[in-house]
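In: Next one to model:
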Amino acid sequence: MFAEELKQLFFPFLEEVNFLFSRIFNKGVPISNEMTIFIFAVCIALLFIFIFSMWFLLRRKSRNEKDLEQTSSKIKKKSLEHLKKERDKELDLRIKEEKKLQESKQATQLEKAQQREKVIQDQIASLEEQKQSIQVLHRDLTDAQIPPEKLGQSDPLLDRLRDGVDKTRKHILNNLSDAVLGKKEINDEVLDDLEEVLISSDIGPETTQRILEAITKKVERDELNNPQVLQSEIEQEIQRIMSKKYQVPGTSDRKPLILLFVGVNGVGKTTSIGKIAAQYRQQGKKVLMGAGDTFRAAAIEQLAEWSKRADCDIVQKNAGTDPSAVIFESVQKGIDDDYDVVICDTAGRLHTKKNLMEELKKMVRVIRKLIPDAPHEVLLVLDATTGQNAIFQT
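Out: Below is the predicted model of the structure:
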């Protein structure tokens, strides 16, 4: 049924196509059905070939466009990277140039500062020379004004001591006068200047703070308001500080009296022991020395010589012996033989050396095994030229 319908549709269509092809290709003469079908198939094939060719051309065109876009994007990316590198190079060059400029400016400023400092130092040196010449002239004039009889009666030791502290005394007084010169009241500015004067005069920060606190309290209580009397107030406060009395233990309270000498190298511990031992012997005391300095060469022999001069006994061991053992034996002998004073020598040590300070603590522990409250006096021997570092040693 379906085949018959298909034939009914196909044959009329074939006749129409045959009629069309006969008019086009054969001048109206009818063409056979086989030729018609062949021509029709060829036309359809050509049509498909045309469609495929168009599709292929369009596809190739789109691919070319995509390749072109990709190529252009790569070119753009490369160009951007190249531009970025160029900019980075320019920035690096600018940074280097700026750094060079800054270094050159700093070098120029440093050179100028050094030149200014040199000029200032030259001026200071010339001023110091002028000051020294003025002081020499002043001293010569002062000596010329002193009567001959007073020169003959003066004590050389006191004169040397007075001359030694004269410069410091004048320095403090001149600076104090400059600090309060032209001031009508005692305010924070005057106190700041006063603090600077005291510290620069090597009074020490703690003592300076104590003096300032005393003056500030008087200012707050309206007991002091005239800057011109600051000098006398400072003198009174220093006298109060220096007039403090310390109780010195005697042999009557403690027997034996244990003295431990400490200090840095070369300050005179062994010599001071010899002098103090001699003083106790002059008082009729029975004195024993302990040669605890087993480290320094000839320290034991030096103390033995001092014991002979002071006419007292000594406990000594070979060099390199544990100093705590020497100290222990000295204290034990002082207890057993009923000595009045036991003086213990120690090796010189810096307060910053932890192991040596621990060794000193060990000596104290050894002494306290025999006498719990000993040593009764720990005497720190200092050099007179040490200055403020003596406080840190203490």
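In: The top strand by length along the chain - what's its average pLDDT?
Out: Longest strand in the chain, counting residues (DSSP state E): strand 257-262. The pLDDT scores in strand 257-262 average 87.
In: Now do the phi/psi pair for Gly290.
Out: phi -120, psi 120 (degrees, to the nearest 10).
In: Just give the number of residues close to the closest residue to it other than its chain neighbours.
Out: Here the nearest residue to Gly290 in space, its sequence neighbours aside, is Ser330; by C-beta to C-beta, 6 or more residues apart in numbering that works out to 3.0 Å. C-beta here means a position set from N, CA and C on the backbone, and glycine is covered the same way. Using other C-beta atoms under 10 Å, Ser330 has 26 neighbouring residues.
In: Ser330 and Thr346 touch, don't they?
Out: No - look at Ser330 against Thr346 with C-beta atoms under 8 Å: they stay out of range, at 11.6 Å.
In: which residues do these two both contact?
Out: In terms of C-beta atoms under 8 Å, 6 or more residues apart in numbering, Ser330 and Thr346 are both contacted by the residues Gly292.
In: re earlier: send over the helix or strand hosting the residue nearest to Gly290 as CSV, restricted to the C-alpha atoms.
Out: Element membership for Ser330, per DSSP states H and E: helix 323-336. Only the C-alpha atoms of helix 323-336 are listed here, as CSV (Å, rounded to 0.1, in the frame of the first residue of the first chain):
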residue,chain,number,x,y,z
PRO,A,323,90.7,29.2,98.2
SER,A,324,87.6,28.1,100.1
ALA,A,325,89.6,25.4,101.8
VAL,A,326,92.2,27.9,102.9
ILE,A,327,89.5,30.3,104.2
PHE,A,328,87.8,27.4,106.1
GLU,A,329,91.1,26.3,107.7
SER,A,330,91.9,29.9,108.6
VAL,A,331,88.5,30.4,110.4
GLN,A,332,88.8,27.1,112.1
LYS,A,333,92.3,27.9,113.4
GLY,A,334,91.0,31.3,114.6
ILE,A,335,88.3,29.6,116.6
ASP,A,336,90.5,26.8,118.0
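In: residues in contact with that helix?
Out: The contact list for helix 323-336, computed with C-beta under 8 Å, 6+ apart, reads 256, 258, 288-295, 315-317, 339, 342, 344, 346-347, 359, 362-363, 366-367, 369-371, 374.
In: Out of these, which end up buried?
Out: 256, 258, 288-295, 315-317, 339, 342, 344, 346-347, 359, 363, 366-367, 371, 374 (16 or more other C-beta atoms under 10 Å).
In: Among those residues, which ones are in strands?
Out: Ile258, Leu288, Met289, Gly290, Val315, Val342, Cys344.
In: Can you name the residues that contact the closest residue to Ala291 other than its chain neighbours?
Out: Once flanking residues are discounted, Ala291 sits nearest to Gln316: 4.1 Å by C-beta to C-beta, 6+ apart. If a contact means C-beta under 8 Å, 6+ apart, then Gln316 has Ala291, Ile300, Leu303, Ala304, Val326 as its contacts.
In: what about 7 Å?
Out: Remark: with contacts taken as C-beta atoms under 7 Å, 6 or more residues apart in numbering, Gln316 is in contact with Ala291, Ile300, Ala304.
In: got the CA coordinates for the helix or strand encompassing Lys217 in PDB?
Out: Taking DSSP H and E as the criterion, Lys217 maps to helix 205-220. This file holds the C-alpha atoms of helix 205-220, laid out as PDB (Å, rounded to 0.1, in the frame of the first residue of the first chain):
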ATOM      1  CA  PRO A 205      72.500  59.800  89.700                       C
ATOM      2  CA  GLU A 206      71.300  58.500  93.100                       C
ATOM      3  CA  THR A 207      72.900  61.300  95.100                       C
ATOM      4  CA  THR A 208      71.700  63.800  92.500                       C
ATOM      5  CA  GLN A 209      68.100  62.500  92.800                       C
ATOM      6  CA  ARG A 210      68.300  62.600  96.600                       C
ATOM      7  CA  ILE A 211      69.500  66.300  96.500                       C
ATOM      8  CA  LEU A 212      66.800  67.200  93.900                       C
ATOM      9  CA  GLU A 213      64.000  65.500  96.000                       C
ATOM     10  CA  ALA A 214      65.100  67.400  99.100                       C
ATOM     11  CA  ILE A 215      65.100  70.800  97.200                       C
ATOM     12  CA  THR A 216      61.700  70.000  95.600                       C
ATOM     13  CA  LYS A 217      60.100  69.200  98.900                       C
ATOM     14  CA  LYS A 218      61.300  72.600 100.300                       C
ATOM     15  CA  VAL A 219      60.100  74.400  97.200                       C
ATOM     16  CA  GLU A 220      56.600  72.700  97.600                       C
END
